[in-house]
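Visitor: Structure of the sequence below:
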Amino acid sequence: MPSDPLQEAWQSQPDPTPDADRLVREVRQHQQQFAAMILLRDVREVFICLVLLPVWVGMGVGIGLPWTWYLVIPGIVWIAAFMTTDRVRQGRRRAGPGEPLVRGVESSLADVEHQIWLLRNVLWWYQLPLAVPMLAFFAHVFWQLSGGNLWEMTVATSLGVVIVGGFNGWIYWINQKAVRSTLEPRRQELAAMLQGLSDESPAPSNT
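Guide: A predicted model of the protein is given here:
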């Protein structure tokens, strides 16, 4: 597991009481870096969707593609809307300046856990909305090219399924690798830090 400056700073305190001010700055810095990285990814994906929409329509009209070509458009719109909405919702839940250290760690942990959820479910909200209409388009085109021959259409469509499935399998593997190698270790470190801070909190008085 890669070392983390936040956890090292927390564990290296000579005094049982951590340097809260310094840890708050560390947590805030890491949270801002993580948020900037995710923001860049979301902006890039939404930008690609917005550019792809007119390109997709232009290709369909210019080449004279069948109507199933346009079934991908709702998937593109869905992805752009989903990522934009998710970005707005998550931005409202982050800890603001001046929040306690525990609140900052909780916010960072929630951000990481949400990204883990997104990547683990990328098949449902990102890949299938594009893959299914693309397979419908391939089946339609192969049906037309085969002249209605069901056997030829089935063989050609199966080839399309292998190509689309292989590409999406590769994309899915990349996302799950990011979860295992980056996000899960980070989640464990933040959870350990949060547990340590909770253990060091003074117990409530019974008086």
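Visitor: Relative to Trp69, how far out is Arg28?
Guide: According to Cβ to Cβ, to the nearest Å, Arg28 stands 47 Å off from Trp69. Yep, even glycine has a C-beta here, placed from its N, CA and C like the rest.
Visitor: quick one: which of these two has more around it?
Guide: Applying other Cβ atoms under 10 Å to Arg28 and Trp69 shows that Trp69 carries more neighbours, namely 21 against 17.
Visitor: State the three-state secondary structure for the residue nearest to the more buried one when sequence neighbours are not counted.
Guide: Using Cβ to Cβ, 6 or more residues apart in numbering and skipping the chain neighbours, the partner closest in space to Trp69 is Gly60 (4.5 Å). At Gly60 the chain is in helix, as set by DSSP: H, G, I helix; E, B strand; the rest coil.
Visitor: Give the burial count for Gly60, as a bare number.
Guide: If we define neighbours as other Cβ under 10 Å, then Gly60 has 18 of them.
Visitor: One more: the one 4 residues further on?
Guide: Counted with other Cβ under 10 Å, the neighbours of Gly64 add up to 8.
Visitor: can you check Gln127 too?
Guide: Other residues near Gln127 come to 20 when the count uses other Cβ under 10 Å.
Visitor: Hmm, Trp170 and it touching each other?
Guide: No - using Cβ atoms under 8 Å, Gln127 is not in contact with Trp170; the gap is 10.7 Å.
Visitor: Identify the residues contacting Leu71.
Guide: Going by Cβ atoms under 8 Å, 6 or more residues apart in numbering, Leu71 touches 133, 136-137.
Visitor: Buried among the residues you listed? Make that a PyMOL selection.
Guide: To isolate the buried ones among the contacts of Leu71 in PyMOL, judged by 16 or more other Cβ atoms under 10 Å, type:
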select buried, resi 133+137
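Visitor: Restricted to helices, list the contacts of Leu71.
Guide: 133, 136-137 (DSSP state H).
Visitor: Relative to Leu65, which of those is nearest.
Guide: Phe137 (7.8 Å; Cβ to Cβ).
Visitor: Helices of this protein, start to end?
Guide: Using DSSP H, the helices found in the chain span residues 5-11, 20-63, 72-93, 101-120, 122, 128-145, 150-178, 184-200.
Visitor: Where does the prediction get shaky in this protein?
Guide: Under the criterion pLDDT under 70, the flagged ranges of the chain are 1-21, 23-24, 92-99, 199-207.
Visitor: swap the cut-off to 50 and go again
Guide: Counting by pLDDT under 50, the chain contains low-confidence ranges at 1-18, 203-207.
Visitor: Tell me how many other residues surround Ile77.
Guide: Heads up, residue 77 is Val, not Ile. That count, for Val77 with other Cβ under 10 Å as the rule, works out to 14.
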